[in-house]
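S.K.: build me a structure from this.
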Amino acid sequence: MTKDNTANNLKHTVAKGFLWGGMSNAVCQVLSLFFGIFLARILTPDDYGPIGMLAIFSALAGSLQDSGFVAAIANRKEVSHDDYNAVFWFNILISLFMYGVLYACAPLIADFFGQPVLVGLSRYNFLGFVVAGFGIAPSAYLFRELKVKQKSIALMLSIAASGVVGVVMALRGCSYWGIATQSIVYVFVRTVVCWCFTPWRPSFKVNFAPLKYLFAFSYRLLITNIFQRFNWNIFSFILGKLYSRADVGNYTKSAEWFNMGGEVVNGMVNAVSQPVLAKVVDDNERQLRVFRKMLRFTVFVAFPLMLGMSLVSEELITVVIGEKWLESAKMLKILAVWGAFMPIQSMQTNLLVSRGRSGIFMWCTIIQGILTLSILLAMSFFGIKMMLVAYCVFNTMWLFVWNYFVKKEIRLTYAMFVGDTFPYIILATAVICATAYLTAFIENMYLLLIAKIAVAASLYILVSFIIRSEELSEIVAFIFKRKKQ
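M.R.: Numbers count the residues shown, from 1 in each chain. Below is the predicted model of the structure:
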């Protein structure tokens, strides 16, 4: 195969992965929204509080379970049956061990938060780790082979099945027990479907030797993932200790809506960027071109979506799930601004991982996490909203730290970074401000929500067309090409 053909195939893979992954992620978020609306109308912020308090333990255990092996396998040039088999059996053992530790620690967790109900709830909720342990190896296979479509199908089916279970249990008055059951069903269905799409099967003849060289790559990612997930869940942990159960519930719901919007782009980036960047790691100039192309596309999609979510947060939450969740809408307005920048960080960190710089990734994340925790504790005296603002501002500024290391790897200068991102950041911000001004006279909540979405979307597409946005042209060309085929 010629070099040009290889480049074209990779370009097609990137486009297909980004766009198919983006569309499927959008479908997944619509499904999550559909079931989330039912649950939020039935349950209260107080019902979500206990699950929110357990979020940080679930996140940290999930990092230990993965152990960075998915990324390690994706970055190996050749992968054998023994590699997958070792990862499979190791994750089964570590999952059972973690569940035993968390089961024993349940009374300590309940005492820390002053919530006796957490003893039984945590022991039940943490069963999901045991189920998830069976799914790491097939997930690594699908990730390495860029099976974005298959992973998306697994995700959609798991959301649908778990959503039905959650709604039924909520209607029967199970409150937070229903939310815990929903998460377990989600993991179970996703694991089963991933196995259906994976031709590889484990064997009882186990050779753990591959773990040595896989762990040599992944142990830094493991530490990094622990700090990352700690950073993402630190709010519910602090709120559970310093504030009320209802405050934790409101934050948990705002984070849920934030994740639904952010996952459309961030899930798309994480599904494609690292394995694609790893395939061109031997050609710095080509990797730079691929990275900049993906970066521009990411910003083109992320900023109008997440700033738009910030714009309509109060109307959206009030109309869809009721005024009892208005506090969570105010939190979502702040979180969504950071959500626009978050995919950029994912791009930067995936580039570093693809080049084997897991050490840089680890230490940067550790320092970022320590500083984030310090800032949040210092701001906790000023209330939840000020904590959120400080969190968003600090993490946005930290993008330039990540870019410093990206620059050293592929010579992505700050001028290139600003040139690739700021035009669409400015465009999206201007469109959102113009939309807020043009719709300010509308008093009806329902009309205001519809008008904001319609005006913002129309303005963004129109201006992108006028300035001849390359990203918009490629999206349109891809869609019409698929229709012709």
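S.K.: and for the nearest residue to residue 53 once chain neighbours are set aside, the neighbour number?
M.R.: The shortest distance from residue 53 to any residue other than its chain neighbours is 4.0 Å, reached at residue 240 (CB to CB, 6 or more residues apart in numbering). Where you see a C-beta, it was placed from the backbone N, CA and C, and this is true even at glycine. Residue 240 is surrounded by 27 other residues when neighbours are defined as other CB atoms under 10 Å.
S.K.: residue 240 contacts residue 109, correct?
M.R.: No. Here residue 240 does not reach residue 109: they are 10.0 Å apart, not a contact under CB atoms under 8 Å.
S.K.: now residue 335: phi and psi?
M.R.: Dihedral angles phi and psi of residue 335 (degrees, to the nearest 10) take the values phi -60, psi -40.
S.K.: ok, it - how many residues close by?
M.R.: Each residue near residue 335 was counted by other CB under 10 Å, and the total is 26.
S.K.: so what's the closest residue in space to it that isn't next to it in sequence up against?
M.R.: Nearest in space to residue 335, with sequence neighbours left out and distances taken as CB to CB, 6+ apart, is residue 258 at 4.4 Å. Neighbour list for residue 258: 309, 332, 335, 336, 339 [criterion: CB atoms under 8 Å, 6 or more residues apart in numbering].
S.K.: quick one: which of these is nearest to residue 424?
M.R.: Minimum separation from residue 424 among those (CB to CB) is found for residue 339, which lies at 15.0 Å.
S.K.: tally up the residues packed near the nearest residue to residue 59 once chain neighbours are set aside, please.
M.R.: Using CB to CB, 6+ apart and skipping residues adjacent in sequence, the residue nearest residue 59 is residue 229, 3.6 Å away. Here the number of neighbours of residue 229 (other CB under 10 Å) works out to 20.
S.K.: now the strand or helix carrying residue 229: buried residues?
M.R.: Of the helices and strands defined by DSSP states H and E, residue 229 is found in helix 210-242. Using 16 or more other CB atoms under 10 Å as the test for burial, helix 210-242 gives 210-211, 214-215, 217-218, 220-240.
S.K.: anything in contact with each of residue 240 and residue 109?
M.R.: Applying CB under 8 Å, 6+ apart, one finds that residue 240 and residue 109 are jointly contacted by residue 53.
S.K.: chain center to stretch 208-216, what's the gap?
M.R.: Between the mean C-alpha point of stretch 208-216 and the mean C-alpha point of its chain there is a distance of 27 Å (CA atoms, centre = their mean, to the nearest Å).
S.K.: likewise for stretch 182-192?
M.R.: With CA atoms, centre = their mean as the basis, the distance from the averaged C-alpha position of stretch 182-192 to the chain average is 17 Å.
S.K.: before we move on, what about stretch 143-160?
M.R.: Per CA atoms, centre = their mean, the displacement of stretch 143-160 from the mean C-alpha position of its chain is 14 Å.
S.K.: then it to PDB, C-alphas only?
M.R.: As requested, C-alpha coordinates have been extracted for stretch 143-160 and formatted as PDB (Å, rounded to 0.1, in the frame of the first residue of the first chain):
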ATOM      1  CA  PHE A 143     -10.500   0.300  21.600                       C
ATOM      2  CA  ARG A 144      -7.300  -0.900  20.000                       C
ATOM      3  CA  GLU A 145      -9.000  -1.900  16.800                       C
ATOM      4  CA  LEU A 146     -10.900   1.400  16.600                       C
ATOM      5  CA  LYS A 147     -14.300  -0.400  16.700                       C
ATOM      6  CA  VAL A 148     -16.100   2.900  17.600                       C
ATOM      7  CA  LYS A 149     -19.400   1.700  16.100                       C
ATOM      8  CA  GLN A 150     -19.400  -1.600  18.200                       C
ATOM      9  CA  LYS A 151     -18.500   0.200  21.400                       C
ATOM     10  CA  SER A 152     -21.300   2.700  20.700                       C
ATOM     11  CA  ILE A 153     -23.900   0.000  20.200                       C
ATOM     12  CA  ALA A 154     -22.800  -1.600  23.500                       C
ATOM     13  CA  LEU A 155     -23.200   1.800  25.200                       C
ATOM     14  CA  MET A 156     -26.600   2.500  23.700                       C
ATOM     15  CA  LEU A 157     -28.000  -0.900  24.700                       C
ATOM     16  CA  SER A 158     -26.600  -0.600  28.300                       C
ATOM     17  CA  ILE A 159     -28.100   2.900  28.700                       C
ATOM     18  CA  ALA A 160     -31.500   1.700  27.400                       C
END
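S.K.: what mean pLDDT does it get?
M.R.: Mean pLDDT, computed over stretch 143-160, is 80.
S.K.: so which bits of the host helix or strand of residue 396 are buried?
M.R.: When elements are assigned from DSSP H and E, residue 396 belongs to helix 384-397. Using 16+ other CB under 10 Å as the burial criterion, the residues of helix 384-397 that qualify are 384, 387, 388, 389, 390, 391, 392, 394, 395, 396.
S.K.: in contact with the last one, which residues?
M.R.: With contacts taken as CB under 8 Å, 6+ apart, residue 396 has the following neighbours: 338, 341.
S.K.: put together JSON lines for the buried residues of helix 384-397, with pLDDT on each row.
M.R.: Formatted as JSON lines, the buried residues of helix 384-397 follow (pLDDT from 0 to 100):
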{"residue": "384", "pLDDT": "86"}
{"residue": "387", "pLDDT": "90"}
{"residue": "388", "pLDDT": "90"}
{"residue": "389", "pLDDT": "92"}
{"residue": "390", "pLDDT": "92"}
{"residue": "391", "pLDDT": "89"}
{"residue": "392", "pLDDT": "89"}
{"residue": "394", "pLDDT": "93"}
{"residue": "395", "pLDDT": "90"}
{"residue": "396", "pLDDT": "91"}
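S.K.: tell me the one of those nearest residue 143?
M.R.: Closest to residue 143 out of these is residue 395 (25.4 Å), distances taken as CB to CB.
S.K.: and the buried residues of helix 384-397, which two are furthest apart?
M.R.: Of all pairs drawn from the buried residues of helix 384-397, the one with the largest separation by CB to CB is 384 and 396; the distance is 18.8 Å.
S.K.: tell me how many other residues surround residue 473.
M.R.: 12.
S.K.: which element is it on?
M.R.: Here residue 473 sits within helix 470-484, counting by DSSP H and E.
S.K.: tell me the mean pLDDT over that helix?
M.R.: Across helix 470-484, the per-residue pLDDT values average to 66.
S.K.: offset the numbering so it begins at 29, please.
M.R.: That works, and once the first residue is 29, the last one we named lands at helix 498-512.
S.K.: if we can go back for a sec, quick one: the residue nearest to residue 87 from residue 422, how far?
M.R.: For residue 257, the distance to residue 422 under the criterion CB to CB, to the nearest Å works out to 18 Å.
S.K.: how about residue 254?
M.R.: Counting by CB to CB, the gap from residue 254 to residue 422 is 20 Å.
S.K.: and residue 132, by the same measure?
M.R.: Using CB to CB, residue 132 is found at 36 Å from residue 422.
S.K.: repeat for residue 491
M.R.: Separation of residue 491 from residue 422 (CB to CB) stands at 31 Å.
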